[in-house]
Each structure stands twice: as C-alpha cells, then as structure tokens.
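Peer 1: What shape does this take:
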Amino acid sequence: MLNNPYVRTIVLSRILLNLGIWVRNFAILLYVTDLTGNNPVYVSLISVAEFAPIFLFAFIGGTFADRWRPKRTMVSSDALSAVSVFLVLNAVHNGSWQALLVLTFFSAALSQFSQPSAMKLFKQHVPAEQLQSVMAMFQSMVAFFMVIGPIAGAFIYQRFGIEISLIATGALFLGSGLILTLLPRDLQEETQSKQQNLKQELIEGLRYVWNNQTLRTLGVTFAVAGLAAGLIQPLAIFVTIENLGQDKSFLQWLLTVNGAAMLVGGGFVMAFAKKIPPQTLLALGLSVSAVGTLGIGWSTSVIFTMLLLVLNGFFYPTIHIGINTMILNNTEGPYIGRVGGALTPIYMGMMVLGMSLGGLLKDQLSLFAVYAASTFLFLTGSALLLPLLKKKTSTAGVLEQ
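Peer 2: Model (predicted):
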C-alpha cells in the first residue's frame, strides 16, 4: 500500500496533522481550565467548537470537495489552518483567550473540506481490493494518536505553555500542507466542473444516498450506533468512581488500555482485510460493542472491566473501517464528498443527542440502565445490517455455482 504515492503521501501528512490537532486540543483544554478555574461552561464550549462544524459544514464541505481539485483543497485547508493558528497566537499574546475557541472552530470547519478530498483520491487511485486495508491503516493511526496524542499535548503545554504549543501546532499543520504538495497533479478531468449550482448538487447528493439501499441502510445504522455511543460517552467517569471505586484520575488508565487495544485491532484488520467483507466487519464490531458495553456497565472489578475495554477497543476499528469501506465501495467517484457529508452528521448528531441524554437518564434510572440501553441500540444497529449480509451471502452462492 505504501508503494502507492497517494497513500504514502497522505499517511505522512496525516501523521503531522493528527499530532497538531492533539497538541492544539489538549493545550487549549488545559489552558482554559487553568484560566477559568475548571469552569464547566467554558470547557463545554471547547467541545462545541470541535463538533459544531461537523453539523454545519460536513455536507457543504463534501459537496465542494466533489467540485474542487482534491490536492489543491487539502493543501489549502492545511495552509489556512496554519495561518489561523499564528493569527490566534497573536490574539492570545494580547490576552484574548476566547480566540482559541475561534481557532478550534475554524480548523475543524476546514477539515470538513479536506477529509472528503482525501477519500476522493483514495477512490480514484487505490485498487478496490486495497481500500479496506487502507481504511484499516488510517484507523490504526487514529488509535495510535488516541494513546500518544494526549501525552504529547499535555507535555508540551505543561513544559512550555500555550504560546509554544500554538507555534508547534502551526508548524505541524504547515508541514502537513507541504507534504501534500508532493502529491501528483490532480487529474485533468477534475477541472471540468459541471455547470450546476450548489443547491442542485446538494439535492443530487441526498437523492443519491436515498436511492442506494446500502447507503440508506448505513444511514439508519449510523443513527442508531451514534446514539448508542453518545449515551455512554460521558459516563466513563462514573464507571471509574461508582462501579470501580477508584479516583477520577484512574480514568486515564482505562482510556489508555482501550486506545492501545484499538491500535492492535486496527493492525489486525489491516492484515486480514481482504478476507472479511466490510458489512461483516461492521456487524461484528457493533455486536461485540453490545456485549462489552453491557459488561462494563455491570462490572465492579477493575481487571474484568479492563478486559472488556480491551475487547471493545480491539473490535472498535472494525466499525469505522467497515463503514468507510462500504461508503467507498458503494459510491461513485463524483459523489464521494456528498455521501460522506450526508452520513457523517447523522452519526455525530445522534451521538451529541445521546451525550445530552446520558447524564439525565443516569440520574433518573441508573448507570447500568443507561449501559443496557446502549447495548440494545448496538444490537439493533447490527440487526439492521442483516439484509446486506444475506445479500452478500446469496451473491457469493451464485458465483460459486
């Protein structure tokens, strides 16, 4: 896979970009909590600044990514992110920490244009039989930075402060953009944009998803899985304190164990990707998540909970790898950006809804009840994929005959 110049270049770029994002996010989080005395309102605003652009720009960004040249779009996004960091650095130096929220929002918005452009290049230049392995590689990278990123971000901030952290972030973003300039020139056909207005292309993208059974099923599965993940995401701290009887600082070890298992799981899928259909990967990941979630909500043993987190973490990459591969395999090149832009907000929207309801349901019911509800939703998402699994099986039978 790394012999492919598109894969190799984008991987190197994303290493720097992911590291820059983690340094930025953790430095801003720690700086704002230090400055505001752990004010939960301002801390929550950081999350809003990270997630809001996904709702506001994912579909629009995907539509423009289908219109624009992917290389130019990705380079421009990283360059603009770097420039915005240095502009905000000047504002912070003059005492305006609120500019950090603007930086987070702006950078997250630009990623909604850059990410679908990368997917578009993979669709154009990676053989179909390698797509799932490439997605597994990128999921492993995400898992790696979930383990390393918080450590790197916290170290740089605590050692050097917010201004050096922002300088490092800007340099990493700029480095990512410079690496992307090494990509081969965009295909000539990319310059021949259709004479359509934006509204027309947005409607076409929605219609394309609705008319495709696989993508339509994925959309419903996205909604259910997002709600399931959102319900339990804010409750990990209560698992640590109430179920395990540990101090809240112990949560970092639970997250580290989970992240390390994700890294190993992504590598495993990458090694065996060609042998497992993506819809099977997705159904497997959702089913295992259901079992692990129920166990974590019930367990009062540190060791057993960690084993379940390893199980969940190992199979978690199969969900995202299966989803991304199914999107790439079932979407024509000119619609890649719009399909991703239509489906991603569904997942994120339901996840945020679940996050909003999780704490409320815990107060009204119990911690285990919320985890049981999440388990039911994960199983529902897996069941929704049964028609696609049967379709694949029947197709394989015909081919054998």
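
Peer 1: What residues sit buried inside stretch 45-56?
Peer 2: For stretch 45-56, the neighbour count (16 or more other Cβ atoms under 10 Å) marks 45-46, 49-54 as buried. C-beta here means a position set from N, CA and C on the backbone, and glycine is covered the same way.

Peer 1: can I get these in a markdown table with distance to Gly340, secondary structure and pLDDT?
Peer 2: Shown next, in a markdown table, are the buried residues of stretch 45-56 (distance: Cβ to Cβ, whole Å; DSSP: H, G, I helix; E, B strand; the rest coil; pLDDT from 0 to 100):
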| residue | distance to Gly340 | secondary structure | pLDDT |
| --- | --- | --- | --- |
| Leu45 | 27 | helix | 73 |
| Ile46 | 25 | helix | 74 |
| Ala49 | 21 | helix | 77 |
| Glu50 | 18 | helix | 76 |
| Phe51 | 16 | helix | 71 |
| Ala52 | 18 | helix | 72 |
| Pro53 | 14 | helix | 78 |
| Ile54 | 11 | helix | 73 |
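
Peer 1: Kindly reformat those as a markdown table containing distance to Lys123.
Peer 2: Supplementary listing: the buried residues of stretch 45-56 in a markdown table, determined by distance: Cβ to Cβ, whole Å:
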| residue | distance to Lys123 |
| --- | --- |
| Leu45 | 36 |
| Ile46 | 33 |
| Ala49 | 30 |
| Glu50 | 27 |
| Phe51 | 26 |
| Ala52 | 28 |
| Pro53 | 23 |
| Ile54 | 21 |
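
Peer 1: Kindly indicate which of those residues lies nearest Val352.
Peer 2: Val352 lies nearest to Phe51 out of the buried residues of stretch 45-56, by Cβ to Cβ, at 6.3 Å.

Peer 1: Let me know the closest of the buried residues of stretch 45-56 to Glu332.
Peer 2: Closest to Glu332, out of all of these and judged by Cβ to Cβ, is Ile54, at 23.6 Å.

Peer 1: Name the nearest residue to the closest one, sequence neighbours excluded.
Peer 2: Met348 (4.7 Å; Cβ to Cβ, 6 or more residues apart in numbering).

Peer 1: With Met355 instead?
Peer 2: Counting by Cβ to Cβ, 6+ apart, Met355 lies nearest to Gly230, which is 4.5 Å off, once chain neighbours are set aside.

Peer 1: The helix or strand in which the one you found is found packs against which elements?
Peer 2: Element membership of Gly230, judged by DSSP states H and E, is helix 213-232. Here helix 213-232 touches helix 198-211, helix 278-298, helix 302-329, helix 336-364, helix 367-384, helix 386-400, going by 3 or more Cβ pairs under 8 Å, 6 or more residues apart in numbering; DSSP states H and E.

Peer 1: Ok, which of those comes nearest Leu103?
Peer 2: For Leu103, the closest of these is helix 336-364, at 20.2 Å, according to Cβ to Cβ.

Peer 1: Return the set of buried residues in the closest one.
Peer 2: 336-352, 354-355, 357-358, 361-362.

Peer 1: which other helices and strands contact that helix?
Peer 2: In terms of contacts (3+ Cβ pairs under 8 Å, 6+ apart), helix 336-364 is packed against helix 40-67, helix 99-125, helix 198-211, helix 213-232, helix 302-329, helix 367-384.

Peer 1: repeat that for 6 Å
Peer 2: The elements that helix 336-364 packs onto, with contact taken as 3 or more Cβ pairs under 6 Å, 6 or more residues apart in numbering; DSSP states H and E, are helix 40-67, helix 99-125, helix 198-211, helix 213-232, helix 367-384.

Peer 1: The second one - contacts with which helices or strands?
Peer 2: On a contact count with 3+ Cβ pairs under 6 Å, 6+ apart, helix 99-125 meets helix 5-36, helix 40-67, helix 70-93, helix 336-364.

Peer 1: Nearest to Gly161 among those helices would be which one?
Peer 2: When the helices and strands packed on helix 99-125 are compared (using Cβ to Cβ), the closest one is helix 5-36, at 8.3 Å.

Peer 1: Which elements pack onto the closest one?
Peer 2: The contact analysis (3+ Cβ pairs under 6 Å, 6+ apart) places helix 5-36 against helix 40-67, helix 99-125, helix 131-160, helix 162-180.

Peer 1: Distance check, Asn246 against Val147.
Peer 2: Just so we're on the same page, residue 246 is Gln rather than Asn. 20 Å (Cβ to Cβ, to the nearest Å).

Peer 1: Kindly report the same for Leu389.
Peer 2: Using Cβ to Cβ, Leu389 is found at 32 Å from Val147.

Peer 1: ok, now Asn211?
Peer 2: Relative to Val147, and taking Cβ to Cβ, Asn211 is found at 41 Å.

Peer 1: More neighbours: which of those two?
Peer 2: Val147 (17 against 9; other Cβ atoms under 10 Å).

Peer 1: so who does the closest residue to that one other than its chain neighbours touch?
Peer 2: Excluding the flanking residues, the one nearest Val147 by Cβ to Cβ, 6+ apart is Gly259, at 4.1 Å. Counting by Cβ atoms under 6 Å, 6 or more residues apart in numbering, Gly259 touches 143, 146-147.

Peer 1: Flag every buried residue along the helix or strand harbouring Gly259.
Peer 2: If you go by DSSP H and E, Gly259 is part of helix 251-272. Counting neighbours by 16+ other Cβ under 10 Å, one finds that the buried residues in helix 251-272 are 251, 254-255, 257-263, 265-270.
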